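Novice: Here you go, sequence then predicted model.
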Amino acid sequence: MKPKQAESRFNLSEEMMARIIGSASDFIAIIDRGGRIVFLNTQAEVIGGYSLKEMEGHPISVYWKDKGLWEAHLEQVFRTGEPESFETRIFDKSGGEHVLEVTVLPFMETPRSLAFMGRNVTDIRRLETEAIEKTRALEGRTRDLDAFVFSVSHDLRTPVISVLGFANLLFKKYRDQLDEKGIQYLDHLIKEANFMDQCVQDILRASRVGRSGEAKEMIPLGEVIQETLTKLEKAIKEKQAEIHVREDLPSVYYTRSELVQVCMNLVSNALKFAKDDTPPRIDIRALDLGQEYEILVTDNGIGIDPIHHDKIFAIFYRVKEKKAEGTGAGLFILKRIVENHGGRAWVESKEGEGATFHVTIPRLDVEPGP
């Protein structure tokens, strides 16, 4: 290759490089050893509001209010020859503020110069700030709502207890003066008042989730499962239930009382919805999914039609075809606890084919994924 041809190709490469830099979507400036601007691309002119003609020969620190900090970054790159990356705020010609993710790196040795490349993340940071503010506002409203629910539920329980007390007193003292119909009415009144009291207590329990002030700790899940089975021993014997607990259950980072409540709800639910002619068989196991543990409780009970899978986690929702004790708030409270700890809860089931309830618990010893 002849020397002139090589020189022509080299010049062409420089021209192409200039075009690429000039049309880049990032703020790009070339700076000499004294921190003075040698080149600005189109995007730098747009963001900064200054043309190359206006800025050539001027220090790039004109974009910053804290000029000393910026000059320290420049000196560091000139001294070490190593790139520096950081986030900074610059001010354009009209005083407008922009947030840039910046990389400064050596550009040429002769004459010595640096390339300043900044990605404009102003809109991203603005959206992030708005999201944080909205989240804080939402958390504040949620706390206010929880406090309101707690207050109302507490106030509601007082008259319910009063009605229940007088109804029981009436039943004890004046039962002999009532006919069969009157006794039926009074019995129905007592049952409904008791149910209303249970509903109010469940609302109170739901409102207290995450508000107990109890500290989280590492808890062996197997230990809590055994505690749960001990508490449910009477129901287990009555149902002649067969329960299998895997030995490799992990330790999890949770508040103990809420973990006990989650386990109680899962096991008692499996016992409650057993088939009439088949002893319950319940399997409790855990999967290590890397970022989290998944707890699975599988039963051979009556199952749940898929149309109810999401609805059963709503407060006081009860499948009409399934007669069972309770208010229908257990799974709502369970999901509220699980989600408050950063997990998820769901069910897989078909009518007549048993059910598997899933609960996830984030692992403490693993960094969150992207």
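Specialist: Received, thanks.
Novice: Would you give the sheet partners of the helix or strand containing Thr88, along with the direction of each?
Specialist: In this assignment (DSSP states H and E), Thr88 forms part of strand 84-91. Using DSSP bridges, the strands paired with strand 84-91 in its sheet are strand 97-108 (antiparallel).
Novice: Show me how far whatever helix or strand comes next after the partner strand is from its chain's centre.
Specialist: Heading C-terminal from strand 97-108, the first helix or strand you meet, by DSSP H and E, is strand 113-120. Computed by Cα atoms, centre = their mean, to the nearest Å, the chain-centroid distance of strand 113-120 equals 36 Å.
Novice: Quick check: next helix or strand after strand 113-120?
Specialist: Under the assignment DSSP H and E, the closest C-terminal helix or strand after strand 113-120 is helix 122-174.
Novice: What's the mean pLDDT across that following helix?
Specialist: Helix 122-174 carries an average pLDDT of 84.
Novice: Likewise for stretch 29-37?
Specialist: Computed over stretch 29-37, the average pLDDT equals 88.
Novice: who's in contact with it?
Specialist: 38-41, 44, 52, 55-61, 71, 74, 78, 107, 111-116 (Cβ atoms under 8 Å, 6 or more residues apart in numbering). Where you see a C-beta, it was placed from the backbone N, CA and C, and this is true even at glycine.
Novice: Buried residues of that stretch, list them for me.
Specialist: For stretch 29-37, burial by neighbour count (16 or more other Cβ atoms under 10 Å) applies to 29-32, 35-37.
Novice: would you put the C-alpha positions of that stretch in CSV?
Specialist: Coordinates of the C-alpha atoms in stretch 29-37 are reproduced here as CSV (Å, rounded to 0.1, in the frame of the first residue of the first chain):
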residue,chain,number,x,y,z
ALA,A,29,-16.6,16.8,25.1
ILE,A,30,-12.9,16.7,24.5
ILE,A,31,-10.8,18.6,27.0
ASP,A,32,-7.2,19.6,26.9
ARG,A,33,-4.6,19.4,29.8
GLY,A,34,-5.8,22.6,31.3
GLY,A,35,-9.5,21.4,31.4
ARG,A,36,-10.4,23.7,28.4
ILE,A,37,-13.0,22.5,25.9
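Novice: and it, how far from the chain's centre?
Specialist: That offset, for stretch 29-37, works out to 46 Å (Cα atoms, centre = their mean).
Novice: And for stretch 227-239?
Specialist: Relative to the chain's own centre, stretch 227-239 is displaced by 34 Å; criterion: Cα atoms, centre = their mean.
Novice: buried stuff in that stretch?
Specialist: 228-229, 232, 236, 239.
Novice: just checking, next helix/strand downstream of the strand or helix carrying Met264?
Specialist: Assigned by DSSP H and E, Met264 falls within helix 256-272. Downstream of helix 256-272, the next assigned helix or strand under DSSP H and E is strand 281-288.
Novice: Show me what that next one is packed against.
Specialist: strand 242-245, helix 256-272, strand 292-299 (3 or more Cβ pairs under 8 Å, 6 or more residues apart in numbering; DSSP states H and E).
Novice: nearest to Leu127, of these?
Specialist: Minimum separation from Leu127 across those (Cβ to Cβ) falls at strand 292-299, 27.7 Å.
Novice: buried sites along that closest one?
Specialist: By neighbour count with 16+ other Cβ under 10 Å, strand 292-299 contains the buried residues 292-293, 295-299.
Novice: so what does it touch, helix or strand wise?
Specialist: Using 3+ Cβ pairs under 8 Å, 6+ apart: strand 292-299 touches helix 256-272, strand 281-288, strand 355-362.
Novice: ok, it: who's next to it in the sheet?
Specialist: strand 281-288 (antiparallel), strand 355-362 (antiparallel).
Novice: what does it rub up against?
Specialist: 221, 250, 252, 266-267, 270, 273-274, 280-287, 343, 354-363.
Novice: And those residues, which of them are buried?
Specialist: For the contacts of strand 292-299, a neighbour count by 16+ other Cβ under 10 Å gives the buried set as 221, 250, 252, 266-267, 270, 273-274, 280-286, 343, 354-355, 357-361, 363.
Novice: still on that earlier bit, could you dump the helices and strands packed on strand 281-288 into a markdown table and include distance to Leu204?
Specialist: Output for the helices and strands packed on strand 281-288, formatted as a markdown table (distance: least, Cβ to Cβ, whole Å):
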| stretch | distance to Leu204 |
| --- | --- |
| strand 242-245 | 30 |
| helix 256-272 | 13 |
| strand 292-299 | 26 |
